[in-house]
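J.: this is the structure alone, sequence omitted:
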């Protein structure tokens, strides 16, 4: 594990209160489990190994059941241990060419990938939200592969990943690197959007540049075999996590799919075939017994999980009274390092200002997207809107929010146990505002009301909370930041909406407030999902998670520039889209040539534009891109 996010102690009094709170969320699926696991058909056992590479038999575990598929799982791990040695003999140029083959394979299955993922979530052909699966599936992997190839090419030439990247100071003795956009094309396609990586306090420019590269600074050093317990909600995450294991740590990877993603197994096999064939990746399926067997296997050197805090705790400590006892005694049952990306309750801080009616409607749709994209089954879905009780436009904004929320396209709440989460919200808040179809709710907490459930339960379903705090300007912003830090569960991502005039008036106070937010991803007038999709940014909980109190995880992923010592990523977007952004030179703010973003759930052309952008990443056709951009302006 690299130094950086995931280490250190956050010992302020307010954080200690947050850490001690009994936080209970469990978005982990409860689907029927298959009796056996399936191993990728291309996973063949190694025939020869040296003594140093000899397969390791699983360590006996008295309470753990051995799945029927154990022999095939053992064979997959044996093949990976041989592949781990092969990986260390590849030059950086060879690794780059290998990624080019993965890119071509991903492009070849992109349409099937988006179709299978959409259909499995109940989005039939022609559904207006199918574009989500193009962007969060093959598009996310393609741009990540391009970013990794760029990093490898720089390192192969003796340069560093941060060469040519602008750095500057950030509040609190921090360094920030502007890592998006890095080329004119990204600046055009995502006009008005920028992204920065903030390093931990005290990291100097020279240190950041010297340490950038992680495992690829020493490509001949083996990293062993990593187990990736794949996410069940977003189709790109398992592939992205495998790529990070290989490139950040020189670890070959055994990917165990979440059962909700089993339908994508043939797609993943073909997309990752260039890595499967030489023994760098294997893919298996199965239930909890398979996951438990693999985490205890002596052939596995490291575990990475994207999922839920209870699942993480079960892996590290065990379950039931025995698990609770181990935790009290600080005796983890997991005898190997683990990293994790977990969820939380993400705030949406709305800083009061003077907004036009169009501004109110646009950001009401923005917040609706943060909650309803993927039907709310996202670890980064915005869940609690923090408003000023003293904002004169508060009621107008709430009216716009209810209208946008109710008017969003209907879709299934497909993730396992979503009905239980919605029922729990209805029980916790009987006065909640429900959309006409009864599939999504807005919970408005009155002054002095009990917000504990909405603030400490990651519903992982279409439930949006609204809480109110007193004050305006800096007073409100500082109070909202403290509230998000101290009262909301998790540290994964926070969103801030602020108009340009108010931001200018706050000046340095606004940047200090951003620095005070203890979240691994912060989005200003954008959504933290933009940071998730941007491979040159980092993704993970704020540093400080531990085995005993993991918060939103340990370590980071994505991070295709392979930066070390990072604390967070910050994205910024335009408060107003085109054409209203055209007045930025006069009224302040950011100019953007982008109309309503295609990822908005209210975009009329989101599906075709998202598909078009993905196809452009595949074939580079400028003529087809022009057609796609024309459609974007009809959103």
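T.: Now that the structure is in, tell me what you want to look at. Fair warning: this is a prediction, and the values are worked out from it, not measured in the lab.

J.: for residue 496, give me its contacts.
T.: 348-349, 351, 514, 517, 522-525 (CB atoms under 8 Å, 6 or more residues apart in numbering). To be clear about C-beta, it is placed using only N, CA and C from the backbone, and glycine gets the same treatment.

J.: 6 Å - rerun?
T.: Contacts for residue 496 were tallied using CB atoms under 6 Å, 6 or more residues apart in numbering; they are 349, 524.

J.: pull the distance from the strand or helix carrying it to the chain's centre.
T.: Under the criterion of DSSP states H and E, residue 496 resides in strand 493-497. Strand 493-497 has its average C-alpha position 14 Å from the chain's average C-alpha position, going by CA atoms, centre = their mean, to the nearest Å.

J.: for that strand, what is the average pLDDT?
T.: Strand 493-497 comes out with an average pLDDT of 98.

J.: equivalent analysis for stretch 424-435, please.
T.: Computed over stretch 424-435, the mean pLDDT rounds to 95.

J.: what is the end-to-end distance of it?
T.: 16 Å (CA to CA, to the nearest Å).

J.: contact partners of that stretch?
T.: 406, 441-443, 453, 463.

J.: again, only this time at 8 Å
T.: Stretch 424-435 has contacts (CB under 8 Å, 6+ apart) with 402, 405-406, 440-444, 453-454, 457, 459, 461, 463.

J.: filter the residues you listed down to the buried ones and hand me the PyMOL line.
T.: Buried residues among those (16 or more other CB atoms under 10 Å), as a PyMOL selection:
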select buried, resi 402+405+440+441+442+443+444+453+454+457+459+461+463
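
J.: pLDDT added to the contacts of stretch 424-435, as CSV?
T.: Shown next, in CSV, are the contacts of stretch 424-435 (pLDDT from 0 to 100):
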residue, pLDDT
402, 97
405, 97
406, 96
440, 96
441, 97
442, 98
443, 98
444, 97
453, 97
454, 97
457, 95
459, 95
461, 97
463, 98
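
J.: closest to residue 269 among the contacts of stretch 424-435?
T.: Using CB to CB, residue 461 comes nearest to residue 269 of the contacts of stretch 424-435, at 31.0 Å.

J.: just give the nearest non-adjacent residue to the closest one, would you?
T.: Excluding the flanking residues, the one nearest residue 461 by CB to CB, 6 or more residues apart in numbering is residue 421, at 3.9 Å.

J.: let's verify that neighbour: helix, strand, or coil?
T.: Secondary structure, DSSP: H, G, I helix; E, B strand; the rest coil: residue 421 is helix.

J.: surely it is in contact with residue 458?
T.: No - the pair residue 421 and residue 458 does not pass the contact test of CB atoms under 8 Å, sitting 9.0 Å apart.

J.: more crowded one of these two?
T.: A direct count of neighbours by other CB atoms under 10 Å for residue 421 and residue 458 places residue 458 higher, at 27 against 23.

J.: how far away is the more buried one from residue 150?
T.: 35 Å (CB to CB, to the nearest Å).

J.: one more: residue 627?
T.: Going from residue 627 to residue 150 by CB to CB gives 27 Å.

J.: neighbour-wise, which of the two wins?
T.: Here residue 627 and residue 150 are set side by side on neighbour count (other CB under 10 Å), and the busier one is residue 150, at 18 against 14.

J.: for that one, what are its contacts?
T.: Counting by CB under 8 Å, 6+ apart, residue 150 has contacts residue 560.

J.: quick check on the closest residue to residue 66 other than its chain neighbours: phi, psi?
T.: Spatial nearest neighbour of residue 66, excluding adjacent residues (CB to CB, 6+ apart): residue 293 at 6.3 Å. Dihedral angles of residue 293 (phi, psi; degrees, to the nearest 10) stand at phi -60, psi -40.

J.: now stretch 292-312: how far from the chain's centre is it?
T.: With CA atoms, centre = their mean as the basis, stretch 292-312 stands 19 Å off its chain's centre.

J.: again with stretch 102-113
T.: On CA atoms, centre = their mean, the centre of stretch 102-113 falls 21 Å from that of its chain.

J.: and the contacts of it?
T.: 133-134, 137-138, 141-142, 145-146, 149, 235, 264, 267, 270-275, 614-615, 617-619.

J.: does residue 179 count as helix, strand or coil?
T.: Assigned by three-state DSSP, the conformation of residue 179 is strand.

J.: skipping adjacent residues, who's closest to it in space?
T.: residue 536 is the one closest to residue 179 (CB to CB, 6+ apart), at 4.2 Å.

J.: if I look at that neighbour, how far off is residue 480?
T.: The gap separating residue 536 from residue 480 is 29 Å, by CB to CB.

J.: try residue 391
T.: 12 Å.

J.: kindly report the same for residue 209.
T.: Distance check for residue 209 against residue 480: by CB to CB, it reads 35 Å.

J.: ok, these two, which is more surrounded?
T.: Shown here are residue 209 and residue 480; by other CB under 10 Å, residue 480 has more neighbours (25 against 17).

J.: list the contacts for that one?
T.: Here residue 480 is in contact with 347, 349, 351, 386, 469 (CB under 8 Å, 6+ apart).

J.: wait, a helix at it?
T.: Yes - counting by three-state DSSP, residue 480 is part of a helix.

J.: mind listing the helices for the stretch 51-200 of the chain?
T.: Listed in chain order, the helices of the stretch 51-200 of the chain (DSSP state H, counting those that start in this stretch) span 70-88, 92-120, 131-134, 140-156, 184-189.

J.: now do the first one: distance to the chain's middle.
T.: Relative to its chain's centre, helix 70-88 lies at 28 Å (CA atoms, centre = their mean).

J.: and that helix, what does it pack onto?
T.: Applying 3 or more CB pairs under 8 Å, 6 or more residues apart in numbering; DSSP states H and E, one finds that helix 70-88 contacts strand 225-229, strand 252-256, strand 281-284, helix 288-295.

J.: how about a cut-off of 10 Å?
T.: helix 92-120, strand 225-229, strand 252-256, helix 273-276, strand 281-284, helix 288-295 (3 or more CB pairs under 10 Å, 6 or more residues apart in numbering; DSSP states H and E).

J.: with the last one instead?
T.: Contacting helix 184-189 under the criterion 3+ CB pairs under 10 Å, 6+ apart are the following elements: helix 606-619, helix 622-632.

J.: pLDDT of it, averaged?
T.: The predicted model assigns helix 184-189 a mean pLDDT of 92.

J.: any low-confidence regions in this structure?
T.: Residues of the chain meeting the criterion pLDDT under 70: 1-64, 585-586.

J.: domain map for it?
T.: What automatic domain parsing lists as the domains of the chain is 67-307+309-342, 344-533.

J.: phi and psi next, for the residue most central in space within the chain.
T.: The chain has residue 532 as the residue nearest its centroid, 4.7 Å off, counting by CA atoms, centre = their mean. When quoted as degrees, to the nearest 10, the phi and psi of residue 532 stand at phi -60, psi -40.

J.: swap in residue 270?
T.: Dihedral pair for residue 270: phi -80, psi -40, per degrees, to the nearest 10.
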